[in-house]
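1. The sequence and its predicted three-dimensional model are supplied below.
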Amino acid sequence: MKNIKNSILFLLAFLAFSCQKENANKTPVARIYQKTLYLEDIPSSLYKQKTKEDSLRSIRNYIEEWANGQLFMEEAKKNVDTGKINQLVNRYKNDLLKEKYLNQLTNKYLDTIIPEDTLKVHYQNLKSVFTANEPLVRISYLVFDKKSKKKYKYQKWFFDQKIEYQDSLFKHTGEFKKMDLSEQKWYPVSQLYEEFPILKKYNRKQIIKKRKKIITTDSLSLYLMFINDVVYKGESLPMDFIKQDIKQLILSKRKQEIEKRIINEMKEDAIKKKHFVIYSSNKEN
């Protein structure tokens, strides 16, 4: 470590008397066995700290970290079987190359368009597998200032659920803090509590009821909610909730089929061109 300390002192002295120095030859700063750290290898950002002292401290830390890393690597090389590591590295490199090339080919031929009918067929085949771990609710909601002079009108429009009333609500969207009248999104109950902490005053049995109306307030807002539908724990998950999962399964299956076809075509071509030969191990008597 004496050489490192001397090198650090050299660098500190160098920086103290010269902010920058252009030199065609690299300036050595520290050496560990056959590895040398040069002044030019130190990131320029370390010279741009708030004060010169900060810069010197950052550079010193950089040198020490480099030295510690090099010392550790040298000791590791003496005590670890590098042959096995090289085998693993080569295997990983080959696997990575194969995966990268296969991805390029499959992405070229992969049809990502999935008709709705195909999704429905797969859903019917898989829905017994996809079951709810907790209750889900399909909810619509409206949140606005509880001091609003139109709150009773908004309440009537929201819960009547007539198309003309929904149109009226959409015309006042600027007055609402949160709004979803689509009746499409499904929420696991735990996620619903995170989205609307105000609902924590209700237990789950009060929440998971079909066609349930909820009117509640906090210090600032009035919450109007309507539970349109419920999926109970253990029941099949709705298609809308797992549609993306089904799409991924279909695409994954298509990708596997393309990969299999590509590999077979490559092998047949290699055999035809005699790039791939299997030698028989049977010996004639």
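-> Structure's in. What do you need?
2. Can you give the domain ranges for this protein?
-> With domains defined by automatic domain parsing, the chain comprises 2-79, 89-131+239-279, 134-231.
3. Turn those into a markdown table, columns for mean pLDDT and mean neighbour count.
-> To be clear about C-beta, it is placed using only N, CA and C from the backbone, and glycine gets the same treatment. Compiled in a markdown table, the domains of the chain are given as follows (pLDDT from 0 to 100; neighbours: other CB atoms under 10 Å):
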| stretch | mean pLDDT | mean neighbour count |
| --- | --- | --- |
| domain 2-79 | 74 | 13 |
| domain 89-131+239-279 | 90 | 12 |
| domain 134-231 | 91 | 15 |
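4. Tell me the helices and strands packed up against the lengthiest helix in the chain.
-> Longest helix of the chain, by residue count under DSSP state H: helix 239-272. Where contact means 3 or more CB pairs under 8 Å, 6 or more residues apart in numbering; DSSP states H and E, helix 239-272 is packed against helix 82-109, helix 116-126.
5. Leu136 is nearest to which of those helices?
-> helix 116-126 (15.5 Å; CB to CB).
6. ok, and what's touching that closest one?
-> Residues from elsewhere that reach helix 116-126, judged by CB atoms under 8 Å, 6 or more residues apart in numbering: Met239, Ile242, Lys243, Ile246, Lys247, Leu249, Ile250.
7. and if you look at stretch 173-188?
-> 132-145, 148, 150, 158, 166, 169-170, 195, 221, 228, 231, 238, 240-241.
8. As a check, name the ranges of all helices in the protein.
-> So, for the chain - with DSSP H - the helices run 2-17, 52-79, 82-109, 116-126, 151-160, 163-170, 189-195, 204-207, 239-272.
9. Format the ones you listed as TSV; extra columns: distance to Glu183.
-> Shown next, in TSV, are the helices of the chain (distance: least, CB to CB, whole Å):
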stretch	distance to Glu183
helix 2-17	68
helix 52-79	58
helix 82-109	37
helix 116-126	19
helix 151-160	12
helix 163-170	10
helix 189-195	15
helix 204-207	16
helix 239-272	11
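10. so which of those helices comes closest to Leu46?
-> Nearest of the helices of the chain (CB to CB): helix 52-79, 4.4 Å.
11. Summarise which helices and strands that closest one is packed against.
-> Looks like helix 52-79 contacts helix 2-17, strand 28-32, strand 35-38 (3+ CB pairs under 8 Å, 6+ apart).
12. Swap in 6 Å and give it another go.
-> With contacts taken as 3 or more CB pairs under 6 Å, 6 or more residues apart in numbering; DSSP states H and E, helix 52-79 sits against helix 2-17, strand 28-32.
13. tilt between it and helix 82-109?
-> Between helix 52-79 and helix 82-109, the angle formed by their directions is 110 degrees, by axes from the mean of the first three to the mean of the last three CA atoms, to 10 degrees.
14. quick check: angle from helix 52-79 to strand 28-32?
-> If you take the same axes, to 10 degrees, helix 52-79 sits at 30 degrees to strand 28-32.
15. on that earlier part again, so which of the helices and strands packed on helix 239-272 gets nearest Ile63?
-> helix 82-109 (26.6 Å).
16. Mind giving me the packing neighbours of that closest one?
-> Counting contacts by 3+ CB pairs under 6 Å, 6+ apart, helix 82-109 is packed against helix 239-272.
17. what distance separates the helix it packs on from the middle of the whole chain?
-> 23 Å (CA atoms, centre = their mean, to the nearest Å).
18. Now do the end-to-end distance for stretch 29-43.
-> From its first residue to its last, stretch 29-43 covers 13 Å (CA to CA, to the nearest Å).
19. If you could redo that for stretch 128-145, that was the one I meant.
-> For stretch 128-145, the end-to-end distance is 43 Å (CA to CA).
20. what's next to that stretch, contact-wise?
-> 158, 175-181, 183, 186-189, 208, 221, 223-237, 242 (CB atoms under 6 Å, 6 or more residues apart in numbering).
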